[in-house]
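**Q** Turn this into a model:
(one chain, ligands or ions: 2)
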Amino acid sequence: MKVGIVGASGYSGLELIRMLNMHPIIDGLNFYALTSNANDISDIYPHLKSIVKGPIQKWVADQSINENHIIFLATPHGVSSEIVMNISDENVKIIDLSGDFRLKEEQKYNKWYKSNHPCFSKTSNFTYGLAEWNKEEIKTSNFIANPGCYPTASILAIAPLLKENLIVENSIIIDAKSGISGAGKGSNEVTHFTNRNDNFAAYKIHDHQHIPEIEQFLSMINPKENYITFTPHLAPMTRGIMATVYSTAREMITNEELQELYKEMYKDSYFIRIRDSIPCTKDVYGSNLCDIYPAFDERTNRITVISVIDNLIKGAAGQAIQNMNIMLGLPEETGLTFTPIFP
Ligand SMILES: NC(=O)C1=CN([C@@H]2O[C@H](COP(=O)(O)OP(=O)(O)OC[C@H]3O[C@@H](n4cnc5c(N)ncnc54)[C@H](OP(=O)(O)O)[C@@H]3O)[C@@H](O)[C@H]2O)C=CC1
Ligand SMILES: CC(=O)N[C@@H](CCC(=O)OP(=O)(O)O)C(=O)O
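**A** Ligands and ions are numbered 1, 2, ... in the order given. Here you go, the predicted model:
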């Protein structure tokens, strides 16, 4: 099985390389990038020396396709859609990590991504790759839109409550914190050390591209759910996302009942751990796990759910490999059973 990673020089691409290099059924990796160019990937990433070998090449539409059975697009939005637009081979499997094929309404894509989609009609071929809720569809798909990092943490936290119709419509507030690697490898004012170290900041209030993605999926679970309030923050850490999700309960529920509901809902989900203590980002650091802790506050009638993931793994590359496993008929955890890194 030969796999191509487009965007191999980026952060998610590097995580794909690390994990696919240990994957039991993958026997060839090809690397592609835009400007990065090297005879061997370890020339630009010395930490890979004598472990991973292979040149970084330019992606050349149909020629590069033929070199691979599966393609991961770890490329920015706008770039993934350009690449897909120029692929004519319907048999290749594509897993796109960008936001280009997640939204099912063209107007929403153009509005929230602030650009016109070059091939929106191709979106209907893509399945949203959140395996905990969509596994059957993923099994029969050749094209996967891998969920965004914030949507992964947020949807996994709140979906069980919507499925059981336990919360008041449009009462969801998501307060999310991300490590800086979520912004990719580029260096700019946002990622600058002095702006991020010892600092905490909110951004894109009411304007983040993950708002329609979360709303779209939640409304599929419960059609009455239309609008969320979502505020992302940058935390002074390299990796990790914590989503703290608040909603108003229709009726009183005990913490024990919440625990039972979540455990039952995710009993077949290898990567979800329902916690009876409050999780932190390091509990899942470097793993494909998502730890979830639900709690009811009888004074306010609100439910708080905390969810933590590693943005580069369950939020990107690990979830993409989980999807590949399911597409290939393998157990979803194949090659992904490593423990988190703590401390
Ligand atoms: N970082 C994260 O936590 C998450 C990221 N994502 C999504 O995953 C995708 C990748 O993100 P991330 O790894 O952070 O990004 P990076 O900025 O770290 O890397 C982007 C990569 O794309 C390559 N690239 C850009 N344009 C082209 C092109 N025209 N042809 C081929 N390669 C190209 C770059 O190559 P070069 O080095 O040559 O410039 C680079 O390797 C994005 O869509 C992002 O939104 C999703 C969830 C989480
Ligand atoms: C910290 C940080 O900057 N995070 C990125 C999310 C990365 C991601 O998942 O974005 P896509 O939906 O485009 O794939 C952001 O807020 O835009």
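
**Q** separation between whichever residue of the stretch 151-300 of the chain sits closest to ligand 1 and residue 247?
**A** The stretch 151-300 of the chain approaches ligand 1 most closely through residue 184 (2.9 Å), counting by CB to the nearest ligand atom. Backbone N, C-alpha and C define where each C-beta goes, glycine included. As defined by CB to CB, to the nearest Å, residue 184 lies at a distance of 31 Å from residue 247.

**Q** In terms of neighbours, single out the busier of these two.
**A** residue 247 (25 against 15; other CB atoms under 10 Å).

**Q** ok, residue 160 - contacts?
**A** Residue 160 makes contact with 261, 262, 265, 266, according to CB atoms under 8 Å, 6 or more residues apart in numbering.

**Q** The last one: neighbouring residues, count only.
**A** Burial of residue 266 is recorded as 19 neighbouring residues (other CB under 10 Å).

**Q** Find the nearest non-adjacent residue to it, please.
**A** Closest residue to residue 266 in three dimensions, ignoring its sequence neighbours and counting by CB to CB, 6 or more residues apart in numbering: residue 272, at 4.1 Å.

**Q** do the third one as well
**A** In this structure, residue 265 finds its nearest non-sequential neighbour in residue 160, 4.2 Å apart by CB to CB, 6+ apart.

**Q** Show me which residues of stretch 291-310 are buried.
**A** By 16 or more other CB atoms under 10 Å, the buried positions in stretch 291-310 come out as 291-294, 296, 301-310.

**Q** got the contact list for residue 7?
**A** 13, 32, 33, 72, 73, 74, 75, 76, 79, 97.

**Q** how about a cut-off of 10 Å?
**A** Neighbour list for residue 7: 13-14, 16, 31-34, 36, 59, 72-76, 79-80, 83, 97-98, 184-185 [criterion: CB atoms under 10 Å, 6 or more residues apart in numbering].

**Q** now do residue 271
**A** 131-132, 156, 284, 287-291, 309, 313-314, 318-319, 322, 332-333, 336-337.

**Q** what are the ranges of the helices in the protein?
**A** 11-20, 41-44, 61-65, 79-85, 106-112, 131-139, 149-163, 193-196, 210-221, 255-265, 318-327 (DSSP state H).

**Q** what's the spacing between the first one and its chain's center?
**A** For helix 11-20, the separation from the chain centroid amounts to 13 Å (computed by CA atoms, centre = their mean, to the nearest Å).

**Q** Show me what that helix is packed against.
**A** Helices and strands touching helix 11-20, by 3 or more CB pairs under 10 Å, 6 or more residues apart in numbering; DSSP states H and E, are strand 2-6, strand 28-33, helix 41-44, strand 70-73, helix 318-327.

**Q** anything in that helix sitting right up against ligand 2?
**A** No: judged by CB under 6 Å from any ligand atom, helix 11-20 stays clear of ligand 2, getting no closer than 8.7 Å.

**Q** Start at 24, not 1
**A** Taking 24 as the first residue, the last one we looked at is helix 34-43.
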